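J.: mind folding the following:
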Amino acid sequence: MKLRPEHVIGARGMLGLSQATLASAAGLSQRSVERFERGETTLKEDSLMRIQAALEQRGIEFFNGDSPGVRFHPERTSIPKGS
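T.: As a prediction, this is how the structure comes out:
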């Protein structure tokens with residue numbers, strides 16, 4: 001699965017997570033997350049994997065199907081919501 005801006009925007013919305021908090025959790029700058037979500041830049045595979053891992057630790061599941069999809073599984077989270 002290729003992580004897309006729509007995935008990240010949707011996941012952050014479900015979690016109530018700011019770009020800054022996600023960036024910190026993934027070891028990236030807030031500006032990098034912002035530019036990725038706007039489609040202004042592509043990120044290296046390692047950066048995408050860190051974003052995905054940070055969101056999955058919070059209970060997010062990503063899928064593609066016909067269009068980008070995101071599900072929240074609160075029982076899977078290892079990090080408190082909003083962190």
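
J.: from the chain's centroid, how far away is stretch 69-83?
T.: Averaging C-alpha coordinates over stretch 69-83 and over its chain gives two centres that are 11 Å apart (CA atoms, centre = their mean, to the nearest Å).

J.: what's in contact with it?
T.: For stretch 69-83, the surrounding residues in contact (CB atoms under 8 Å, 6 or more residues apart in numbering) are 7, 10-11, 14-17, 21, 25, 56-63. Glycine gets a C-beta too; all of them are placed from N, C-alpha and C.

J.: equivalent analysis for stretch 14-22, please.
T.: If you take CB under 8 Å, 6+ apart as the criterion, stretch 14-22 is touched by 8, 11-12, 30, 33-34, 37, 51, 54-55, 58-60, 70, 72, 81-83.

J.: now do that stretch, average pLDDT.
T.: Model confidence over stretch 14-22, given as mean pLDDT, is 95.

J.: between the two ends of that stretch, what distance do you get?
T.: End-to-end distance for stretch 14-22: 13 Å, by CA to CA, to the nearest Å.

J.: next one: stretch 10-29
T.: 19 Å.

J.: check which residues of that stretch are buried.
T.: For stretch 10-29, burial by neighbour count (16 or more other CB atoms under 10 Å) applies to 10-12, 14-15, 17, 19, 21-23, 25-26, 28.

J.: now tabulate those in JSON lines and tack on secondary structure.
T.: Putting the buried residues of stretch 10-29 into JSON lines (DSSP: H, G, I helix; E, B strand; the rest coil) gives the following:
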{"residue": "G10", "secondary structure": "helix"}
{"residue": "A11", "secondary structure": "helix"}
{"residue": "R12", "secondary structure": "helix"}
{"residue": "M14", "secondary structure": "helix"}
{"residue": "L15", "secondary structure": "helix"}
{"residue": "L17", "secondary structure": "coil"}
{"residue": "Q19", "secondary structure": "helix"}
{"residue": "T21", "secondary structure": "helix"}
{"residue": "L22", "secondary structure": "helix"}
{"residue": "A23", "secondary structure": "helix"}
{"residue": "A25", "secondary structure": "helix"}
{"residue": "A26", "secondary structure": "helix"}
{"residue": "L28", "secondary structure": "coil"}
